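3D, please:
(chains A and B)
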Protein chains: 2
Amino acid sequence: MPEVERFDAVDLIRAKRDRGRLDSDQIAWLVEAYTRGYVADEQMSALAMAILLNGMDAAEIRDLTLAMVASGERLDFAGLGKTTSDKHSTGGVGDKITLPLAPLVASFGVAVPQLSGRGLGHTGGTLDKLESIPGWRAQLSSGEFHRQLAEVGAVVCAASADLAPADRKLYALRDATGTVESIPLIASSIMSKKIAEGTASLVLDVKFGSGAFMRDAERARELAETMVRLGHDAGVATRALLTDMNVPLGLAIGNANEVRESVEVLAGGGPADVVELTVALAREMLDLAGLPDADPAAALADGRAMDAWRAMIQAQGGDPDAALPVARESHTVLAEADGVLAEQDALAFGIAAWRLGAGRARKEDPVVHAAGIDLHAKPGDEVSAGSPLFTLRADDAARFERALEALDGAVRIAPAGTELPPRPLVAARIA
Amino acid sequence: MPEVERFDAVDLIRAKRDRGRLDSDQIAWLVEAYTRGYVADEQMSALAMAILLNGMDAAEIRDLTLAMVASGERLDFAGLGKTTSDKHSTGGVGDKITLPLAPLVASFGVAVPQLSGRGLGHTGGTLDKLESIPGWRAQLSSGEFHRQLAEVGAVVCAASADLAPADRKLYALRDATGTVESIPLIASSIMSKKIAEGTASLVLDVKFGSGAFMRDAERARELAETMVRLGHDAGVATRALLTDMNVPLGLAIGNANEVRESVEVLAGGGPADVVELTVALAREMLDLAGLPDADPAAALADGRAMDAWRAMIQAQGGDPDAALPVARESHTVLAEADGVLAEQDALAFGIAAWRLGAGRARKEDPVVHAAGIDLHAKPGDEVSAGSPLFTLRADDAARFERALEALDGAVRIAPAGTELPPRPLVAARIA
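Numbering: from 1, shown residues only, chains lettered A, B, ... in the order given. Down below sits the predicted model:
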């Protein structure tokens, strides 16, 4: 129990409001008192706004993160007999990388305890995607979770409410109060969950660009550096890749179609960018897990990753051979001119897929697993007038109109032969 | 009823967070939706913090004020047959001016509809002071209020919950969330209540200095100018005096002792500073009420103001001749050296009186009417070693220790003959 009257919440809010700093004891007290309800939501939201506008230094961010870890249980895989490694993405459009990546890394004998969330807004959620698979369930008991980690190696499931409950409460509050876009609050939210999750190592996929949470590469780098430092401070070996999210990842945006694309990658095929990012992240995870010479591309090619995928899906009740849902209606947009596809705006495609039903507007809404968008060309591809650019899929054709509105101006075709500026998918690596 | 989904509260919070401005429709919607509970406390507190840190322009402050007026009823004295004038003080130590001022102005046939509050923290509340008088009651029905205004002219009573309910709700929230010290929020809070109160004219006593809400004279001037403009915009003839609150007003700090001092002023005596400020504010009120030649000093000297006081107290059940409560214990502090009293810190005396029981720490606490401090000398007075400086009064001698702690260093005695810098009580007038 916190000493209820040890500090006065109003004094601490005023300190941050007036550009002061909070010390470890003050932050620990605030987070525990908030978790237990002695500090009210309206006080925490005023503080969150003051943090967003006035910032926090590195020590404050570390104290906030560790206080949120301490608000709940911290998992421990000491008895597992193998090392653990996890990946976290800050979210993007068409970002299904967890699906091939977790079984790929597990196929090398590394345990991947991936506690995931659902999508809100224009970026999808890994659990929503996997729930396209008939029978698959996201909720595991603690016993099931540990057993699957030991036997299969890869687990993608919903986080228990006991992990970083302070973050869970604060995250919902920030969403309702316009206090999401703060590096100290984002970094501490992500890292408190990952540290509580107990992974020994962690690779962060921090995205920048139109479809990312951070549009600006410099802000994304600051977030990545902040999180890597937090990981190190908490004893989690942490690295980050800074990756481009101006264009959707792969050719599929949605839920069931992203599972399909992931299975293609696991079968040794799939779009080049999805393969590139999956392999790059796998290399980092395997290196941190003590396997610097492991060859993830080979494990995709020879079926080892696919075997791990099938075991992972089956362990959670899913049928890896079952047919995935298909949308009743589709609408294909054709190129109006010959040329080279120069731009394909990730945010516009994310919003369009969301409006088709692939995402949810409110936490309690269901998603439509079959809804989404299939791209037929990517930037750099030659297109000709009348060739298909992309296909919208939904159960209700009435949804196409607002999806197409979001896509207005999202695709640009340049004259054939135009040289596009190079745009590396992995822009930087932060260790 | 507001159109619930006309705006999204999060969008409006983000706009202010990002240094944008809110338009009239957005502010009107926010205030009405907040009053009715469609916008949550945690959203309003995040917005209040964003306003505190990023400010509001003049049009936004006006829109916020008028929206808070519109959240409840607005009184109307059109049928009263005389003009109305009111005074509001931003609060200070020993500030009992309303007590002599309201009957003084009423003695000239001007109605003074003074809706007052209770004290919280180190500044006293007018209702707390008047409740020292046996039988006097602060709660009046609407009928009683209007009848007393017509018959007696002066009414000092508690505001109805129907006046500016949005302000009432927001004020309590700001107190708990460290969002009090914002000129847009302070100005709109004070002026929404005064505009809703329906007074035709208003004189503001905006204090600066150690015992005031605004320590800095420039910030106090900005607040005064903001409020005068708000009054003009709402059709209330408004002026402000900027007055010094580095030193307590008068010789009495507390509740019953402040009533005693007020009665001395009404009897033609009393401390010079209390008389000076009472007369200065009365002149402004009478001038705005169309009586530029009225002589308030004469009405104090000849007993007209006292007659109005007695009628005002009796109309609310009080006995103007009853003995006021007296504290059981007292402790007098003596001068340690000969010299001239150079400093007497208002904040320290305010906190000391509060700790003696004259004020309350929480809204639901009672005040001790007999508790307080009597000053025996004021800055500029000659003192000699062993002469009394001030007397603490409380019902429990155990309270003296913490009160004396607050007073440590609060009084400074300079060598005899030291010239003190002039410190005018009324520093500026803003029309």
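
make sure A:R260 is actually in contact with A:I253.
No - the pair A:R260 / A:I253 is not scored as a contact, 11.8 Å apart, by C-beta atoms under 8 Å. In short, each C-beta sits where N, CA and C put it, glycine included.

and the strands in chain A?
Per DSSP state E, chain A carries strands over the ranges A:85-89, A:112-116, A:154-158, A:201-208, A:237-244, A:252-254, A:329-334, A:339-344, A:372-375, A:382-383, A:388-394, A:411-414, A:426-430.

rank those by mean pLDDT and give me the bottom one.
Mean pLDDT across the strands of chain A is lowest at strand A:112-116; the value there is a mean of 92.

in its sheet, what does it sit against?
strand A:154-158 (parallel) (DSSP bridges).

please identify the buried residues of the strand it pairs with?
Buried residues in strand A:154-158, counted by 16 or more other C-beta atoms under 10 Å in any protein chain shown: A:A154, A:V155, A:V156, A:C157.

quick check, nearest of the residues you listed to B:M44?
Among the buried residues of strand A:154-158, A:C157 lies closest to B:M44 (C-beta to C-beta), at 37.1 Å.

and the closest one, how close does it get to A:E131?
11 Å (C-beta to C-beta, to the nearest Å).

next, show the common contact partners of those two.
Here A:C157 and A:E131 have A:A138 as joint contacts, going by C-beta atoms under 8 Å, 6 or more residues apart in numbering or on different chains.

residue contacts, A:L341?
By C-beta under 8 Å, 6+ apart, the neighbours of A:L341 are A:A377, A:K378, A:P379, A:G380, A:D381, A:E382, A:V383, A:L389, A:V411, A:R412, A:I413, A:A414.

tell me, which of the residues you listed make contact with chain B?
Checked against chain B using C-beta under 8 Å from any C-beta of the partner chain, those yield no neighbours at all.

could you dump those to a markdown table with neighbour count?
Shown next, in a markdown table, are these (neighbours: other C-beta atoms under 10 Å in any protein chain shown):
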| residue | neighbour count |
| --- | --- |
| A:A377 | 19 |
| A:K378 | 15 |
| A:P379 | 16 |
| A:G380 | 13 |
| A:D381 | 13 |
| A:E382 | 14 |
| A:V383 | 21 |
| A:L389 | 19 |
| A:V411 | 22 |
| A:R412 | 13 |
| A:I413 | 21 |
| A:A414 | 15 |
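
between the residues you listed, which is nearest A:A352?
Nearest member of the contacts of A:L341 to A:A352, counting by C-beta to C-beta, is A:V411, at 11.0 Å.

which ones are touching that closest one?
A:V333, A:L341, A:E343, A:Q344, A:D345, A:L389, A:F390.

quick one: neighbours of A:S71, just the number.
24 (other C-beta atoms under 10 Å in any protein chain shown).

I'd like to know how far A:T177 sits from chain B.
Distance check for A:T177 against chain B: by C-beta to the nearest C-beta, to the nearest Å, it reads 4 Å.

count residues in the vicinity of that residue, would you?
For A:T177, using other C-beta under 10 Å, the count is 30.

residues in contact with it?
Contacts of A:T177 (C-beta under 8 Å, 6+ apart): A:S45, A:A48, A:M49, B:V10, B:I13, B:E42, B:Q43, B:S45, B:A46.

gap between stretch A:95-108 and the chain center?
On the basis of C-alpha atoms, centre = their mean, to the nearest Å, stretch A:95-108 sits 13 Å off its chain's mean C-alpha point.

got the buried residues for it?
A:95-108.

do a quick rundown of the helices in the stretch 151-300 of chain A.
Assigned by DSSP state H, counting those that start in this stretch, the stretch 151-300 of chain A shows helices spanning A:165-177, A:183-196, A:217-233, A:256-266, A:272-288, A:296-301.

wait, A:L230 touches A:T65, no?
Yes - counting by C-beta under 8 Å, A:T65 is a contact partner of A:L230 at 5.2 Å.

more neighbours: those two, which one.
Each of A:L230 and A:T65 has its neighbours counted (other C-beta under 10 Å); A:T65 has more, 31 against 25.

can you count the residues close to the residue nearest to that one when sequence neighbours are not counted?
Nearest residue to A:T65, sequence neighbours excluded (C-beta to C-beta, 6 or more residues apart in numbering or on different chains): A:S188, at 4.2 Å. Using other C-beta under 10 Å, A:S188 has 33 other residues around it.
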